[in-house]
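Chemist: Got a sequence here, can you build the structure:
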Amino acid sequence: MLLQMNSITKSYGNVTANSNVNFTLQKGEIHALVGENGAGKTTLMRILYGMESPTSGEIVLNGKPVTFENPTDAIRHQIGMVHQHFMLFPTFTISENIVIGREPSKGIGFDRKTAAMETEQLGKQFGMPIDPWKKVADCSLGMQQRVEILKVLHQGAEIIILDEPTGVLTPLEVKELLIAIKTLASQGKSFILISHKLQEIMDVADRITVLRDGKVTGTVFSKDTNAEQLSRLMVGRDLIHISRNATEVGQAVLDLEGISVRGSKTKPLLSDVNLHVNEGEIVGIAGISGNGQSELIQAISGLLKPDEGMIKLLGQDVTGAPVGAIRQIGLAHIPEDRYQWGVAKDATVTENGLMGHTGKHQKYGVLGGQGIRQMVSEWVERFGIKTGSLSTKAQYLSGGNLQKLIVARELAQKTPFLIAAEPTRGVDVGAMEIIHGELLKKRDEGGAILLISSELTEILKLSDRILVMFEGMIVGELNAAEATEEHISLLMAGGRAVG
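Modeler: Numbering: from 1, shown residues only. Purely as a prediction, here's the structure:
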């Protein structure tokens, strides 16, 4: 056995993140680790990578007990970790990012040519070709993921931990990554894969360990299980199948006419975008990340002023209006990046929940504490948000639990219009079920929703109409009932709608 984690327990005061967890890994194996948000997956891997120390238990590597004081110790023992949020320098080249910390030298200086040759050869060796001279800022997210893995391989890793590796990738990039993982495993590398995407796990993993509330509820071979059984092990119950009912579409709530944003480069960020979202309708926006979705969201919400065109919300011209004024008219917004746009990390759960709700909970300029706490407590209960207390700082919540807090807060605004950007990014299957149900409930009650998601299954499941973006333009509109993943993928890659 290559790796054994025996009876690992990790406690933070009264909170137990891992309780007597046993986990093993064999050479050349892909072992997936799944569970609900806050189940203890990332904590367990942080212990293995030397970022945390276990309260009790031991790690045995190649038959010998080991102790890691920090990630440098783990790397020295040939363990590497690719984090959920990439840790790359955008202004550096691919080769510079890969060799950082182990730079080849020429005299007293950095030998860039040797670095480029080494990293190019590394990519060829492991079936992950790269352009060593290309800057990371100019790379797709899929290529950045490849750079992260090659950086770990350059450090000599034999065990590679991947934390939600496909969260921001397109379907084609996901397929390429899974092939690369299988290829590396066949060459003797061993993988621990943390993911919420059960079908991907079934496609790539040899074994799967499920955590719930910090405890192992089962370890199974992927060939002996299915996604439904894994879901039951994760959440402790059968999931409810959610379907989209037919609704009567009302008047336009959002209307964009000829919206363009020039930007600083030769190509515009948005070019002549026309779209509308009606009452009782979810309109999905599909597209590879970086094709104008972010700029579209920012223009609608008031964070970016368009150079041309008009934006109407509930019949009012809100083009270039302040964010606060647009929200006051009737917009709520689940942002695509929860850390950058969604929360204040140093504020408490209660304080983050209060954002946008202050007007309902103040009298004579003074906020009423009990009503606020009751409101947030109800969200915690309904969405299954795992937190030590309402006074816990947001930075100590797992990414998935933070996402649930933001979704609950924005849905509670009960506005006529909602932008839902990547609403289920990083959440588990149980939370996804709840969020999808809440979005459909809002739509069934007459709300208008613009859904932006990199998950085509989510777009197809929730949308009434689907618009596809490519290079800042709407290149196709499809009725969701007739749309296929293949057709949408073609449009996302720059193809044009037929007929």
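
Chemist: so where's the stretch 351-499 of the chain shaky on pLDDT?
Modeler: For the stretch 351-499 of the chain, applying pLDDT under 70 flags the ranges 358-370, 495-499.

Chemist: ok, now the chain?
Modeler: For the chain, the stretches with pLDDT under 70 are 167-168, 170, 238-243, 264-266, 358-370, 495-499.

Chemist: Let me know the outermost residue of it.
Modeler: Gly107 (43.0 Å; C-alpha atoms, centre = their mean).

Chemist: From Gly258, how far out is the most centrally placed residue in the chain?
Modeler: Centroid check for the chain by C-alpha atoms, centre = their mean gives Arg425 as the closest residue, at 3.7 Å. Using C-beta to C-beta, to the nearest Å, we find Arg425 at a distance of 30 Å from Gly258. For every residue, glycine as well, the C-beta is placed using N, CA and C.

Chemist: and what of Gly472?
Modeler: 13 Å.

Chemist: So these two - more neighbours on which side?
Modeler: Gly472 (24 against 13; other C-beta atoms under 10 Å).

Chemist: From Leu270, how far out is the residue nearest to the more buried one when sequence neighbours are not counted?
Modeler: Using C-beta to C-beta, 6 or more residues apart in numbering and skipping the chain neighbours, the partner closest in space to Gly472 is Gly292 (3.8 Å). Note on Gly292: its distance to Leu270, by C-beta to C-beta, is 5 Å.

Chemist: can you check Lys305 too?
Modeler: 12 Å.

Chemist: what is in contact with Gly292 and Leu270 at once?
Modeler: Common neighbours of Gly292 and Leu270, counting by C-beta atoms under 8 Å, 6 or more residues apart in numbering, are 472-473.

Chemist: Between those two, tell me which one has more neighbours.
Modeler: Neighbours around Gly292 and Leu270, counted as other C-beta under 10 Å, are more numerous at Leu270. The numbers are 29 against 24.

Chemist: Do a quick rundown of the strands in the stretch 1-150 of the chain.
Modeler: Assigned by DSSP state E, counting those that start in this stretch, the strands in the stretch 1-150 of the chain fall at 3-12, 15-25, 30-35, 56-61, 64-66, 79-82, 105-106, 109-110.

Chemist: Select, out of those, the one closest to Ser190.
Modeler: Of all these, strand 15-25 sits nearest to Ser190, with 5.4 Å by C-beta to C-beta.

Chemist: Name the surrounding residues that touch the closest one.
Modeler: Taking C-beta under 8 Å, 6+ apart as the rule, strand 15-25 contacts 1-11, 31, 33, 40, 43-44, 47, 54, 57, 159, 190, 192, 209, 211, 213-216, 388.

Chemist: Same check on stretch 103-121?
Modeler: 93-96, 98-99, 130, 132-133, 150, 154.

Chemist: Now restrict these to buried residues only.
Modeler: 93-96, 98-99, 130, 132, 150, 154 (16 or more other C-beta atoms under 10 Å).

Chemist: how about stretch 436-454: buried residues?
Modeler: 436, 438-440, 442-443, 446-454.

Chemist: That should have said stretch 11-18, apologies.
Modeler: Quick answer for stretch 11-18 (16+ other C-beta under 10 Å): 16-18.

Chemist: wait, which of these is closest to Ala299?
Modeler: Ala17 (40.9 Å).

Chemist: Nearest spatial neighbour of the closest one, chain-adjacent residues omitted?
Modeler: Thr43 (4.2 Å).

Chemist: hey, what's Ser56 bridged with?
Modeler: Beta-bridge pairing for Ser56 (DSSP bridges): Thr9.

Chemist: burial count for Ser19?
Modeler: By other C-beta under 10 Å, neighbour count at Ser19 equals 17.

Chemist: so how far is Thr43 from it?
Modeler: With C-beta to C-beta as the criterion, Ser19 and Thr43 are 11 Å apart.

Chemist: What of Thr24?
Modeler: 18 Å.

Chemist: When the two are compared, which one has more neighbours?
Modeler: Shown here are Thr24 and Thr43; by other C-beta under 10 Å, Thr43 has more neighbours (23 against 16).

Chemist: Would you agree that one is in contact with Glu52?
Modeler: Yes: the criterion here is C-beta atoms under 8 Å, and Thr43 meets it with Glu52 at 6.5 Å.

Chemist: Now for these two: what residues contact both?
Modeler: Lys10.

Chemist: Confirm that Ile192 sits in a strand.
Modeler: Yes: Ile192 forms part of a strand when assessed by DSSP: H, G, I helix; E, B strand; the rest coil.

Chemist: Might you report the residue contacts of it?
Modeler: Here Ile192 is in contact with 25, 31-33, 45, 48, 159-162 (C-beta under 8 Å, 6+ apart).

Chemist: Could you dump the residues you listed into JSON lines and include neighbour count and distance to Ala421?
Modeler: As requested, the contacts of Ile192 are exported to JSON lines (neighbours: other C-beta atoms under 10 Å; distance: C-beta to C-beta, whole Å):
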{"residue": "Leu25", "neighbour count": "23", "distance to Ala421": "36"}
{"residue": "His31", "neighbour count": "21", "distance to Ala421": "32"}
{"residue": "Ala32", "neighbour count": "25", "distance to Ala421": "27"}
{"residue": "Leu33", "neighbour count": "28", "distance to Ala421": "27"}
{"residue": "Met45", "neighbour count": "22", "distance to Ala421": "27"}
{"residue": "Leu48", "neighbour count": "26", "distance to Ala421": "33"}
{"residue": "Ile159", "neighbour count": "24", "distance to Ala421": "35"}
{"residue": "Ile160", "neighbour count": "24", "distance to Ala421": "30"}
{"residue": "Ile161", "neighbour count": "26", "distance to Ala421": "28"}
{"residue": "Leu162", "neighbour count": "26", "distance to Ala421": "24"}
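
Chemist: from these, which is closest to Thr350?
Modeler: Among the contacts of Ile192, and counting by C-beta to C-beta, the member closest to Thr350 is Met45, at 29.5 Å.

Chemist: Find the helix or strand that the nearest residue to that closest one once chain neighbours are set aside is a member of.
Modeler: If the residues on either side of it in the chain are set aside, Met45 comes closest to Ile161, at 5.1 Å by C-beta to C-beta, 6+ apart. Assigned by DSSP states H and E, Ile161 belongs to strand 159-163.

Chemist: Buried by neighbour count: which residues of the next helix or strand along the chain from that strand qualify?
Modeler: Downstream of strand 159-163, the first helix or strand assigned by DSSP H and E is helix 171-186. By neighbour count with 16+ other C-beta under 10 Å, helix 171-186 contains the buried residues 171, 173-174, 176-178, 180-181, 184-185.

Chemist: Same check on stretch 114-121?
Modeler: 115-116, 118-120.

Chemist: just those now: which is nearest Gly399?
Modeler: For those, the nearest to Gly399 is Thr119 (29.9 Å; C-beta to C-beta).

Chemist: how about the strands of the stretch 351-499 of the chain, start to end?
Modeler: Under DSSP E, counting those that start in this stretch, the stretch 351-499 of the chain gives strands at 362-363, 366-367, 417-421, 448-452, 465-470, 473-479.

Chemist: The longest one packs against which elements?
Modeler: Going back to what we said before, that points to strand 473-479. strand 270-278, strand 465-470, helix 485-492 (3 or more C-beta pairs under 8 Å, 6 or more residues apart in numbering; DSSP states H and E).

Chemist: Show residues contacting the shortest one.
Modeler: Residues from elsewhere that reach strand 465-470, judged by C-beta under 8 Å, 6+ apart: 275, 281, 283-288, 291-293, 296, 459-460, 474-480, 483, 488, 491-494.
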